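sequence plus the predicted model coming up.
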Amino acid sequence: MSELRPEHWTAIIVAALSLVGVLGGGMLAALAGWLKARADRQLAEANLEAQQAVTKQQIDQQIDQRLAAEVERLNGELDDLRGEMAGLTAKFSQWKAAVARVFHAIAAQWTGDGGPDIDPDDIAILEDTIPLRWLRRRRTTAPISTIPPKETS
(Lines give C-alpha, C1' and ligand atoms only; values in the text may rest on other atoms or scores of the structure.)
Protein backbone atom coordinates (compact mmCIF):
# COMPACT_ATOMS: atom_id res chain seq x y z
CA MET A 1 0.00 0.00 0.00
CA SER A 2 1.28 3.21 -0.90
CA GLU A 3 1.11 6.16 1.21
CA LEU A 4 -2.39 7.36 1.98
CA ARG A 5 -3.05 10.95 1.65
CA PRO A 6 -5.61 12.87 3.73
CA GLU A 7 -8.12 12.95 0.90
CA HIS A 8 -7.91 9.16 0.78
CA TRP A 9 -8.52 8.96 4.48
CA THR A 10 -11.50 11.19 4.07
CA ALA A 11 -12.91 8.91 1.38
CA ILE A 12 -12.26 5.83 3.52
CA ILE A 13 -13.87 7.40 6.57
CA VAL A 14 -16.86 8.56 4.51
CA ALA A 15 -17.15 5.09 2.96
CA ALA A 16 -16.89 3.42 6.38
CA LEU A 17 -19.46 5.79 7.83
CA SER A 18 -21.71 5.18 4.81
CA LEU A 19 -21.31 1.44 5.27
CA VAL A 20 -22.18 1.77 8.96
CA GLY A 21 -25.09 4.01 8.01
CA VAL A 22 -26.34 1.62 5.34
CA LEU A 23 -25.93 -1.40 7.63
CA GLY A 24 -27.53 0.49 10.53
CA GLY A 25 -30.32 1.72 8.26
CA GLY A 26 -30.85 -1.81 6.97
CA MET A 27 -30.94 -3.16 10.49
CA LEU A 28 -33.34 -0.41 11.56
CA ALA A 29 -35.50 -1.09 8.49
CA ALA A 30 -35.49 -4.82 9.28
CA LEU A 31 -36.32 -4.08 12.93
CA ALA A 32 -39.08 -1.70 11.86
CA GLY A 33 -40.48 -4.31 9.44
CA TRP A 34 -40.38 -6.99 12.12
CA LEU A 35 -42.06 -4.69 14.67
CA LYS A 36 -44.70 -3.68 12.11
CA ALA A 37 -45.39 -7.33 11.21
CA ARG A 38 -45.65 -8.17 14.91
CA ALA A 39 -48.02 -5.24 15.53
CA ASP A 40 -50.09 -6.22 12.47
CA ARG A 41 -50.28 -9.82 13.69
CA GLN A 42 -51.35 -8.67 17.19
CA LEU A 43 -53.92 -6.34 15.66
CA ALA A 44 -55.23 -9.14 13.43
CA GLU A 45 -55.45 -11.48 16.44
CA ALA A 46 -57.28 -8.81 18.44
CA ASN A 47 -59.66 -8.21 15.52
CA LEU A 48 -60.25 -11.94 15.17
CA GLU A 49 -60.95 -12.30 18.88
CA ALA A 50 -63.34 -9.33 18.78
CA GLN A 51 -65.07 -10.77 15.70
CA GLN A 52 -65.34 -14.18 17.37
CA ALA A 53 -66.80 -12.56 20.50
CA VAL A 54 -69.36 -10.71 18.39
CA THR A 55 -70.14 -13.87 16.41
CA LYS A 56 -70.49 -15.87 19.64
CA GLN A 57 -72.76 -13.19 21.04
CA GLN A 58 -74.89 -13.25 17.89
CA ILE A 59 -75.09 -17.05 17.98
CA ASP A 60 -76.03 -16.94 21.66
CA GLN A 61 -78.77 -14.42 20.88
CA GLN A 62 -80.09 -16.62 18.07
CA ILE A 63 -80.05 -19.65 20.35
CA ASP A 64 -81.82 -17.66 23.07
CA GLN A 65 -84.47 -16.54 20.59
CA ARG A 66 -84.98 -20.08 19.31
CA LEU A 67 -85.17 -21.44 22.85
CA ALA A 68 -87.63 -18.75 23.87
CA ALA A 69 -89.82 -19.59 20.87
CA GLU A 70 -89.58 -23.30 21.64
CA VAL A 71 -90.41 -22.70 25.31
CA GLU A 72 -93.46 -20.64 24.30
CA ARG A 73 -94.57 -23.38 21.90
CA LEU A 74 -94.08 -26.08 24.52
CA ASN A 75 -95.91 -24.00 27.14
CA GLY A 76 -98.82 -23.69 24.71
CA GLU A 77 -98.82 -27.44 24.15
CA LEU A 78 -98.53 -28.02 27.88
CA ASP A 79 -101.51 -25.73 28.52
CA ASP A 80 -103.48 -27.64 25.87
CA LEU A 81 -102.48 -30.95 27.47
CA ARG A 82 -103.43 -29.64 30.90
CA GLY A 83 -106.84 -28.67 29.53
CA GLU A 84 -107.28 -32.10 27.95
CA MET A 85 -106.08 -33.75 31.17
CA ALA A 86 -108.58 -31.76 33.21
CA GLY A 87 -111.34 -32.84 30.84
CA LEU A 88 -110.24 -36.48 30.97
CA THR A 89 -109.95 -36.33 34.76
CA ALA A 90 -113.48 -34.97 34.99
CA LYS A 91 -114.76 -37.68 32.62
CA PHE A 92 -112.89 -40.36 34.55
CA SER A 93 -114.34 -39.10 37.83
CA GLN A 94 -117.84 -39.25 36.30
CA TRP A 95 -117.14 -42.74 34.94
CA LYS A 96 -115.75 -43.90 38.26
CA ALA A 97 -118.77 -42.52 40.11
CA ALA A 98 -121.13 -44.20 37.61
CA VAL A 99 -119.32 -47.54 37.98
CA ALA A 100 -119.47 -47.21 41.76
CA ARG A 101 -123.20 -46.48 41.61
CA VAL A 102 -123.78 -49.48 39.32
CA PHE A 103 -121.76 -51.82 41.57
CA HIS A 104 -123.47 -50.58 44.69
CA ALA A 105 -126.89 -50.97 43.03
CA ILE A 106 -125.97 -54.54 42.04
CA ALA A 107 -124.65 -55.21 45.55
CA ALA A 108 -127.90 -53.87 47.05
CA GLN A 109 -129.89 -56.24 44.84
CA TRP A 110 -127.62 -59.26 45.40
CA THR A 111 -129.24 -61.84 47.56
CA GLY A 112 -127.23 -63.61 50.21
CA ASP A 113 -124.11 -62.68 52.11
CA GLY A 114 -121.65 -63.49 49.34
CA GLY A 115 -121.19 -61.85 46.01
CA PRO A 116 -119.53 -62.51 42.71
CA ASP A 117 -116.12 -64.14 42.71
CA ILE A 118 -114.03 -61.24 41.40
CA ASP A 119 -110.28 -61.53 40.89
CA PRO A 120 -108.51 -58.49 42.39
CA ASP A 121 -105.99 -58.40 39.53
CA ASP A 122 -108.79 -58.14 36.97
CA ILE A 123 -110.45 -55.21 38.70
CA ALA A 124 -107.43 -53.30 40.01
CA ILE A 125 -108.47 -50.25 38.04
CA LEU A 126 -111.91 -50.33 39.65
CA GLU A 127 -110.81 -51.21 43.18
CA ASP A 128 -112.24 -48.03 44.72
CA THR A 129 -115.68 -48.73 43.26
CA ILE A 130 -116.14 -52.44 44.13
CA PRO A 131 -117.94 -53.19 47.40
CA LEU A 132 -115.51 -54.79 49.84
CA ARG A 133 -117.70 -57.82 50.42
CA TRP A 134 -117.38 -58.72 46.74
CA LEU A 135 -113.60 -58.92 46.75
CA ARG A 136 -112.26 -62.45 46.64
CA ARG A 137 -110.54 -63.44 49.85
CA ARG A 138 -109.90 -67.04 48.94
CA ARG A 139 -110.63 -69.04 45.83
CA THR A 140 -113.15 -71.71 46.71
CA THR A 141 -115.29 -71.70 43.60
CA ALA A 142 -114.73 -71.05 39.94
CA PRO A 143 -115.20 -67.43 38.93
CA ILE A 144 -118.42 -66.39 37.28
CA SER A 145 -117.86 -66.01 33.58
CA THR A 146 -119.29 -62.87 32.03
CA ILE A 147 -118.37 -63.95 28.51
CA PRO A 148 -121.01 -66.14 26.84
CA PRO A 149 -119.67 -69.47 25.56
CA LYS A 150 -118.92 -69.61 21.85
CA GLU A 151 -121.21 -71.73 19.77
CA THR A 152 -119.45 -74.34 17.68
CA SER A 153 -120.79 -75.12 14.25
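Structure's in. What do you need?

for the chain, which segments count as helices?
Assigned by DSSP state H, the chain shows helices spanning 6-109.

in it, which ranges drop under the pLDDT threshold?
1-2, 112-115, 117-118, 120, 122-123, 125, 127-131, 134-153 (pLDDT under 70).

what about Asp119, how many neighbours?
11 (other C-beta atoms under 10 Å). In this view, the C-beta of every residue, glycine as well, is placed from N, C-alpha and C.

what's the separation between it and Leu126?
Using C-beta to C-beta, to the nearest Å, Asp119 is found at 12 Å from Leu126.

for the residue most central in space within the chain, give its distance to Val54.
Nearest to the geometric centre of the chain sits Leu67, at 9.3 Å (C-alpha atoms, centre = their mean). Leu67 sits at a distance of 20 Å from Val54 (criterion: C-beta to C-beta).

again, but for Asp60
Counting by C-beta to C-beta, the gap from Asp60 to Val54 is 11 Å.

circling back: list the residues that contact both of Asp119 and Leu126?
When C-beta atoms under 8 Å, 6 or more residues apart in numbering defines a contact, no residue borders Asp119 and Leu126 alike.

now find how far off-centre stretch 58-74 is within its chain.
Put simply, stretch 58-74 sits 12 Å off its chain's centre (C-alpha atoms, centre = their mean, to the nearest Å).

what residues of it count as buried?
Across stretch 58-74, burial judged by 16 or more other C-beta atoms under 10 Å covers no residue at all.

look up how far Ala32 lies from the nearest residue to Leu4 once chain neighbours are set aside.
In space, and not counting its chain neighbours, Leu4 is closest to Ile12: 7.7 Å by C-beta to C-beta, 6 or more residues apart in numbering. From Ile12 over to Ala32 the distance is 29 Å, taken as C-beta to C-beta.

if I look at Arg73, how far off is Gln65?
When Arg73 is compared with Gln65 (using C-beta to C-beta), they lie 13 Å apart.

typed the wrong thing, it's Lys56
For Lys56, the distance to Gln65 - C-beta to C-beta - is 15 Å.

what values do phi and psi take at Leu4?
phi -90, psi 130 (degrees, to the nearest 10).

burial count for it?
10.

ok, Gly33 - contacts?
By C-beta under 8 Å, 6+ apart, Gly33 has no neighbours at all.

understood, closing this out.
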